[in-house]
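*Asks:* Predicted model and sequence below, questions to follow.
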Amino acid sequence: MQILAFIQLIQPAIDKAMEAWKWAQTNLPIDLVIAAWGLILCFFGGTFPLVLGAYEAFKISGWDTSRAAIADLVEQSEQYRRASEVDDVKDDDNDGVADVDQLSTTELVQVSAHAHARTHTHAV
């Protein structure tokens, strides 16, 4: 149960970071994003060459595959979020209170897992 509470605690920060990243991708020139990345790397001090080497190795060996996988995860996450928003306002028993507000933590996790399974598409 502590893990669920931790996830609920950090979820708004993750959402804000994702919104900032999407905004940066669409509104900033790529050169500025690369320059900001370089500035961040400069503050690593003595580990700068190691971080730069690791970045370049990853970019050469696995970035394309990882980027495609991350794009799939983001798309599935957005599908789940939309399905969850629809499910969160459902009131199947018509008592004026959303069904998810009446569930215990265990039942809420089960409902969320079921909603995720409904929206999950796995390409083989």
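*Replies:* That came through fine. In this text, all values refer to a predicted model and were calculated from it rather than measured experimentally.

*Asks:* where does the residue of the chain most remote from its centre fall, helix, sheet strand or coil?
*Replies:* Relative to the centre of the chain, and counting by C-alpha atoms, centre = their mean, the farthest-placed residue is Asp95 at 33.4 Å. Of the three states, Asp95 takes coil under DSSP: H, G, I helix; E, B strand; the rest coil.

*Asks:* Domains in this structure, by residue range?
*Replies:* Domain ranges of the chain: 29-61, 72-124, per automatic domain parsing.

*Asks:* Let me know which of the ones you listed is the nearest to Asp15.
*Replies:* When these are compared by C-beta to C-beta, domain 72-124 sits nearest Asp15, at 9.0 Å. Using the backbone N, CA and C atoms, a C-beta is placed for each residue, glycine as well.

*Asks:* List the residues that contact Leu32.
*Replies:* Contacts of Leu32 were listed using C-beta atoms under 8 Å, 6 or more residues apart in numbering, and none were found.

*Asks:* Now the phi/psi pair for Ala57, please.
*Replies:* phi -60, psi -40 (degrees, to the nearest 10).

*Asks:* Could you list the low-pLDDT ranges of this protein?
*Replies:* 1, 44-46, 120-124 (pLDDT under 70).
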